[in-house]
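Colleague: sequence first, then the predicted structure:
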Amino acid sequence: MASGPRYKWYLVALLTCNAALNYGDRTATSAVFPLFRAELHMSDVALAAIGSFFLWSYAIGSPLAAWWPTGSREAAWWCGVWPPGAW
């Protein structure tokens, strides 16, 4: 594995881009709620169900996404437990 000061800044840039994409992905559903309400005539309960479904699928999919490439139960556990604990 590479080391040195350039590698550390490359890693910081990569993690920053990842965090920005992650944040954008989570807020994308709430950004389209007004369109759902206007175009599909959805109620507040239906919009809440869509938001809840997205967040629950994200919560279930994150540990699976960590386990699949590594095969590590520890990585899947930390991916599922650490982000909610960080809030």
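Modeller: Cool, got the structure. Residues are numbered from 1 along each chain as shown.
Colleague: alpha carbons only for contacts and neighbour counts from here, please
Modeller: OK.
Colleague: per-domain residue ranges of this structure.
Modeller: Taking automatic domain parsing as the criterion, the chain consists of the domains 1-31, 43-87.
Colleague: what's the least confident stretch among the ones you listed?
Modeller: For those, the weakest mean pLDDT is recorded on domain 43-87, namely a mean of 70.
Colleague: which residues in the chain form helices?
Modeller: Listed in chain order, the helices of the chain (DSSP state H) span 5-31, 33-40, 44-70, 73-86.
Colleague: I'd like those as a markdown table, with mean neighbour count appended.
Modeller: Formatted as a markdown table, the helices of the chain follow (neighbours: other CA atoms under 10 Å):
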| stretch | mean neighbour count |
| --- | --- |
| helix 5-31 | 12 |
| helix 33-40 | 13 |
| helix 44-70 | 14 |
| helix 73-86 | 14 |
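Colleague: okay, Ala38: pLDDT?
Modeller: For Ala38, the pLDDT comes out at 93.
Colleague: tell me who's in contact with Ser52.
Modeller: Ser52 is in contact with no residue at all, counting by CA atoms under 8 Å, 6 or more residues apart in numbering.
Colleague: so how far is Tyr23 from it?
Modeller: For Ser52, the distance to Tyr23 (CA to CA, to the nearest Å) stands at 16 Å.
Colleague: for Ala38, same thing?
Modeller: From Ala38 to Tyr23 the distance is 25 Å (CA to CA).
Colleague: now swap in Lys8 and tell me
Modeller: On the measure of CA to CA, Lys8 and Tyr23 end up 22 Å apart.
Colleague: ok, Lys43 - how many residues close by?
Modeller: Careful, residue 43 is Ser; it's not Lys. 12 (other CA atoms under 10 Å).
Colleague: name all residues that make contact with it.
Modeller: With the criterion set at CA under 8 Å, 6+ apart, Ser43 makes contact with Arg37.
Colleague: now it: phi and psi?
Modeller: phi -80, psi 170 (degrees, to the nearest 10).
Colleague: now swap in Val32 and tell me
Modeller: phi -100, psi 0.
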